[in-house]
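>>> The following block contains a protein sequence and its predicted model.
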Amino acid sequence: FHSTFSGCSSLMEIPSSLFSGCANVRSFRSVFSGCTAIEEIPVGLLSQCVEVEDCAGMFNGCVSLKSIPAGLFSSCNAVIYFGSTFAGCESVSEIPSGLFADCPAVEDFGAVFARTAITEIPEELFAACPEVKDFTYAFSNCKGLKTLPEALFASNRKVSSFSYTFDDCSSLEEIPVGLF
């Protein structure tokens, strides 16, 4: 499904059962990238996609997307790549708690929430992801982000890059002592 609907700027709705027969699909890379009119992601969109490994850029540039459903990736425990999954989703202001709780194989969160309107990060967002190696640009240009949870990256001992993770987070007020 690499870039299957990428750039479909008039697409407003994703059918909730769109991928219900896709249990063996391994990649949703950039599948809805640049779909600027999509406002919501249906709950259970990926509930049958147990083999997926790549969600990089999946909703990249979906500027009208307002929220991310909790449990979106709850059936996706084989995902390795979440780079730029929600990058450029300028209307997303909240990250659901436990969004990646069932994704222990993730290695890449580069630019995952870059250029979003988030104001805070759930405390244990990455706690269940011990294999992560890359957080490059993960929250860059999140202009409304004011605080960071202590121990946000405490479970991520294999990380080799935190480059630009909070680059241009111009509202950030302090750095917690136990962040890493």
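Received it, and whenever you're ready, just let me know what you need.
>>> How many neighbouring residues does Trp13 have?
No, residue 13 isn't Trp; it's Glu. Look at Glu13: counted by other C-beta atoms under 10 Å, it has 11 neighbours. Any C-beta I mention is one placed from the backbone N, CA and C, and that applies to glycine too.
>>> Same question for Val177.
8.
>>> Retrieve the pLDDT associated with it.
You'll see Val177 listed with a pLDDT of 92.
>>> can you tell me the helix or strand for it?
Assessed by DSSP states H and E, Val177 sits outside every helix and strand.
>>> For the residue lying closest to it once chain neighbours are set aside, which residues are in contact?
In space, and not counting its chain neighbours, Val177 is closest to Glu150: 7.0 Å by C-beta to C-beta, 6 or more residues apart in numbering. Residues near Glu150 by C-beta atoms under 8 Å, 6 or more residues apart in numbering: Glu123, Pro176, Val177, Gly178, Leu179.
>>> Drop anything exposed from these.
Not one of the contacts of Glu150 meets the buried threshold, by 16 or more other C-beta atoms under 10 Å.
>>> Which one of these is nearest to Glu107?
Leu179 (20.2 Å; C-beta to C-beta).
>>> quick one: secondary structure of the closest one?
The three-state label given to Leu179 by DSSP: H, G, I helix; E, B strand; the rest coil is coil.
>>> Quick one: end-to-end length of stretch 123-135, please.
Distance between the two ends of stretch 123-135: 16 Å, counting by C-alpha to C-alpha, to the nearest Å.
>>> for stretch 53-62, that is, sorry about that
Across stretch 53-62, the terminal residues are separated by 21 Å (C-alpha to C-alpha).
>>> cool, stretch 91-110 as well?
Using C-alpha to C-alpha, the end-to-end distance of stretch 91-110 comes out at 19 Å.
>>> which stretches of the chain form helices?
For the chain, applying DSSP state H gives no helices.
>>> ok, the residue nearest to Val177 to Gly144 distance?
When distance is defined by C-beta to C-beta, to the nearest Å, Glu150 is 20 Å away from Gly144.
>>> now swap in Ala114 and tell me
Separation of Ala114 from Gly144 (C-beta to C-beta) stands at 13 Å.
>>> of the two, who's got more company?
Ala114 (24 against 14).
>>> isn't the more buried one right next to Tyr137, touching?
Yes. At 5.1 Å, Ala114 and Tyr137 qualify as touching, with contact defined as C-beta atoms under 8 Å.
>>> if we can go back for a sec, identify, from the contacts of Glu150, the entry nearest to Cys8.
Among these, and counting by C-beta to C-beta, the member closest to Cys8 is Glu123, at 35.6 Å.
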